[in-house]
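One predicted model, sequence on top.
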Amino acid sequence: MRLIIAMIQPHKLPDVKKELFNSKVHKMTVTNALGCGQQKGFTETYRGIIHEVNLLKKIRIEIAVNEDFVEPTIEAIIKGARSGNIGDGKIFVVDLCESIRIRTGQRGSEAIG
Ligand SMILES: Nc1ncnc2c1ncn2[C@@H]1O[C@H](COP(=O)(O)OP(=O)(O)OP(=O)(O)O)[C@@H](O)[C@H]1O
Ligand SMILES: [Mg+2]
């Protein structure tokens, strides 16, 4: 099991949701976030030097998946979120030890799927 965490541009959320739906990924958590990447939140520098970071509004998507859905999920996010510009976002994939559906007590892949 893996936890896929994607940071995307807010205006790309509808496109990413559509692509995930097309790839049969229907479970997700979406939160508003602040963040910055390698541009430190700026696209221009002041006298060539940036002294601080500038946090920009981002959307954070979390999706727990079984192995067979890892690549389709990543591809769907990229398809929906990519414009080719800086700030398009990032995807992090982490190992997920356990998943438990509280209502039934199911664990592991049963609980995710
Ligand atoms: N190394 C990181 N650790 C934690 N969060 C990150 C990291 N890199 C990016 N993020 C998050 O992802 C968001 C989008 O990052 P962004 O797309 O700007 O990455 P980038 O590495 O600067 O690539 P690009 O040059 O294409 O802009 C950031 O605003 C931040 O929330
Ligand atoms: Mg960036």
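Yep, that arrived. What you are looking at is a predicted structure, and each value in this text was computed from that prediction instead of being measured. Ligands and ions are numbered 1, 2, ... in the order given.

near ligand 1, which residues of this structure show up?
7, 35-39, 56, 58, 86-90 (Cβ under 6 Å from any ligand atom). C-beta here means a position set from N, CA and C on the backbone, and glycine is covered the same way.

Check which residues of the longest helix along the chain are buried.
Taking DSSP state H as the criterion, the chain has its longest helix at helix 70-81. In terms of neighbour count (16 or more other Cβ atoms under 10 Å), helix 70-81 has its buried residues at 72-74, 76-78, 80-81.

can you list the weak-confidence ranges in the chain?
Within the chain, the stretches with pLDDT under 70 are 44-48.

quick one: the helices in it?
13-22, 70-81, 109-112.

how about JSON lines for the ones you listed, with distance to ligand 2 added?
Formatted as JSON lines, the helices of the chain follow (distance: least, Cβ to the ion, whole Å):
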{"stretch": "helix 13-22", "distance to ligand 2": "17"}
{"stretch": "helix 70-81", "distance to ligand 2": "13"}
{"stretch": "helix 109-112", "distance to ligand 2": "31"}
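
Next one: the closest residue to Ile4 other than its chain neighbours relative to ligand 2, how far apart?
Nearest residue to Ile4, sequence neighbours excluded (Cβ to Cβ, 6 or more residues apart in numbering): Ile63, at 4.7 Å. The spacing between Ile63 and ligand 2, counted by Cβ to the ion, to the nearest Å, is 22 Å.
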